[in-house]
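**Q** I would like to see how this sequence folds:
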Amino acid sequence: MEFNTKVIHGGQKHDPSTGAVMPPIYQTSTYAQVSPGDHKGYEYSRTGNPTRTALENSLASIENGNYGLAFASGLASIDAIMKLLQPGDEVISTNDLYGGTFRLFSSIFKKFGIKFHFVGMDNIDNIEKCINDKTKIIWVESPTNPMLNIIDIRKCAALSRNKNILLVVDNTFATPYLQKPLDLGADIVMHSATKYLGGHSDVVMGALIVKDKELSEKLYFIQNASGAVCGPMDSFLVLRGIKTLHVRMQRHCENGSAVAHYLKSHPKVGKVYWPGFEEHPNHDIAKSQMKDFGGMLSFSLKGDKYEDAIKILENLKVFTLAESLGGVESLSGHPSSMTHASIPKEEREKIGVIDSLIRLSVGIEAEKDLLADLENALQLV
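**A** Numbering: from 1, shown residues only. Predicted structure coming up:
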């Protein structure tokens, strides 16, 4: 089954009792049992809910996995992965990491004896240097947030395969429309389903997808025991969003390319970070592991003035200044004061998150309106 068909039909069945095409929203906390332990597959909605099951089956299908798990947020899904570890274990991750993930690693799990190495993972040698017998997870974002660095997932998989190291890929920016990490050798794919999978800025959710049964059982145990599950209404919304993922991503990519090329030619723009440019670091790797280059990009201003960045953000009209990304509407953000404020300033600046850096999530509006909005705002600085 091709991807464009999978997003609509993958892992789905019509409701057996009514024939409903979309899975019903099972707004219930518990389920009747004939006798203790004798039930119809569901007993309590933290443990399992039919609407969530439909979503989890869809997630597994679109990522070419065997098992999907849906959580209350992206960070809840990351939290579950970290609970696979023991004190003394080590994790290697990118130094250009979503601020919420960095905060969870450095402020929560570090206190429990987990050691984290944050390195430039766009160079595979930096990862290899950190591997030792305590390394249990290699954590990849590709493209990264917010610098859009590209990490070679195949090479990371080759490093981890024979060393009993789990390779986890945060596929939020790329989505399974553009990139399938399990096919490239990853063990776990993670999503903030809040973003492109939901696609309409109306739900908060996280997701994990795996192929291995034993690993899925460990994660399911943690999901059930820790309880950070999503509700049936949220499950319904993300499942509905997935059904249009392919058509939305096509437009995100088209508009993202147009905006990136426009900004690159603008006299007031310093650098544009978008993996579709041939000069972008690891552009060839992006071409080999991604179908297209997505709708996420960042850019800095000449002179690197904080005030100029803020003026632009305050005067954009079509691009909404807001947290998050991946919705149908275009969003703008200031990483150093918003999504990455939890990362120390000196660490942010080392990776390029300077005061004038602006991140754009390019939506599916008319290209002409997006470019005019940017032009009007840039004229003010």
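**Q** Show me which residues of stretch 331-339 are buried.
**A** By 16 or more other C-beta atoms under 10 Å, the buried positions in stretch 331-339 come out as Leu331, Ser332, Gly333, His334, Pro335, Ser336, Met338, Thr339. Yep, even glycine has a C-beta here, placed from its N, CA and C like the rest.
**Q** same deal with stretch 100-107?
**A** Buried residues in stretch 100-107 (16+ other C-beta under 10 Å): Gly100, Thr101, Phe102, Arg103, Leu104, Phe105, Ser106.
**Q** okay, the second one: pLDDT?
**A** You'll see Thr101 listed with a pLDDT of 95.
**Q** Now find how far off-centre stretch 30-45 is within its chain.
**A** Offset of stretch 30-45 from its chain centre (C-alpha atoms, centre = their mean, to the nearest Å): 34 Å.
**Q** now, which of the buried residues of stretch 100-107 sits nearest Tyr306?
**A** Phe102 (21.5 Å; C-beta to C-beta).
**Q** Touching, that closest one and Ala341? I think so.
**A** No. In this structure, Phe102 is not within contact of Ala341 by C-beta atoms under 8 Å, at 10.7 Å.
**Q** Dump the buried residues of stretch 331-339 to CSV, plus secondary structure, distance to Pro275 and pLDDT.
**A** Below are the buried residues of stretch 331-339 laid out as CSV (DSSP: H, G, I helix; E, B strand; the rest coil; distance: C-beta to C-beta, whole Å; pLDDT from 0 to 100):
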residue, secondary structure, distance to Pro275, pLDDT
Leu331, strand, 19, 98
Ser332, strand, 19, 98
Gly333, strand, 18, 96
His334, coil, 21, 96
Pro335, coil, 17, 93
Ser336, coil, 21, 89
Met338, coil, 22, 89
Thr339, coil, 19, 76
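**Q** For those, work out which two are farthest apart.
**A** Maximum distance among the buried residues of stretch 331-339 (C-beta to C-beta): 16.4 Å, for Leu331 and Ser336.
**Q** Next, format the buried residues of stretch 100-107 as a markdown table and append secondary structure.
**A** Formatted as a markdown table, the buried residues of stretch 100-107 follow (DSSP: H, G, I helix; E, B strand; the rest coil):
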| residue | secondary structure |
| --- | --- |
| Gly100 | helix |
| Thr101 | helix |
| Phe102 | helix |
| Arg103 | helix |
| Leu104 | helix |
| Phe105 | helix |
| Ser106 | helix |
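**Q** Among those, which pair sits farthest apart?
**A** The farthest-apart pair in those, when distances are taken by C-beta to C-beta, is Gly100 and Ser106, at 11.1 Å.
**Q** the helices in this protein, which residues?
**A** Secondary structure of the chain, counting by DSSP state H: helices at 3-9, 50-62, 74-82, 99-103, 124-130, 153-161, 175-178, 213-226, 232-242, 245-264, 283-289, 306-315, 345-350, 367-378.
**Q** hmm, back to that, which of the buried residues of stretch 331-339 lies closest to Leu182?
**A** Thr339 (26.6 Å).
**Q** which residues sit in contact with the closest one?
**A** Tyr98, Gly99, Gly100, Asn145, Pro146, Glu323, Gly333, Arg359 (C-beta atoms under 8 Å, 6 or more residues apart in numbering).
**Q** Now do it against Tyr26, distance only.
**A** According to C-beta to C-beta, to the nearest Å, Thr339 and Tyr26 sit 34 Å apart.
**Q** Out of the contacts of Thr339, who's the most crowded?
**A** In terms of neighbours by other C-beta atoms under 10 Å, the contacts of Thr339 top out with Pro146 at 30 neighbours.
**Q** can I assume that one is in contact with Ser298?
**A** Yes. The pair Pro146 / Ser298 is scored as a contact, 4.8 Å apart, by C-beta under 8 Å.
**Q** what residues are shared contacts of these two?
**A** Residues touching both Pro146 and Ser298 (C-beta under 8 Å, 6+ apart) are Tyr273, Pro335, Leu357, Arg359.
**Q** Tell me which of those fall in strands.
**A** Among these, DSSP state E puts Tyr273, Arg359 in strands.
**Q** among the shared contacts of Pro146 and Ser298, which two are most distant?
**A** Longest distance between any two of the shared contacts of Pro146 and Ser298 is 10.9 Å, between Tyr273 and Pro335; criterion C-beta to C-beta.
**Q** Quick check: neighbours shared by those two?
**A** By C-beta under 8 Å, 6+ apart, the residues touching both Tyr273 and Pro335 are Pro146, Ser298.
**Q** Spatially central residue in this protein, please.
**A** Thr172 (1.8 Å; C-alpha atoms, centre = their mean).
**Q** Could you list which residues are in contact with that one?
**A** Applying C-beta under 8 Å, 6+ apart, the residues near Thr172 are Gly74, Tyr98, Glu141, Asn145, Met190, His191, Ser192, Lys195, Tyr196, Gly326.
**Q** which ones are touching Trp139?
**A** Going by C-beta under 8 Å, 6+ apart, Trp139 touches Val91, Ile92, Ser93, Thr94, Leu97, Thr101, Val168, Asp170.
**Q** Mind picking the lowest-pLDDT entry from these?
**A** Lowest in pLDDT among the contacts of Trp139 is Leu97, which has 91.
**Q** tally of neighbours for it?
**A** 24.
**Q** ok now do it, which residues does it touch?
**A** Neighbouring residues of Leu97 by C-beta under 8 Å, 6+ apart: Phe105, Phe118, Trp139, Glu141, Thr144, Asn145.
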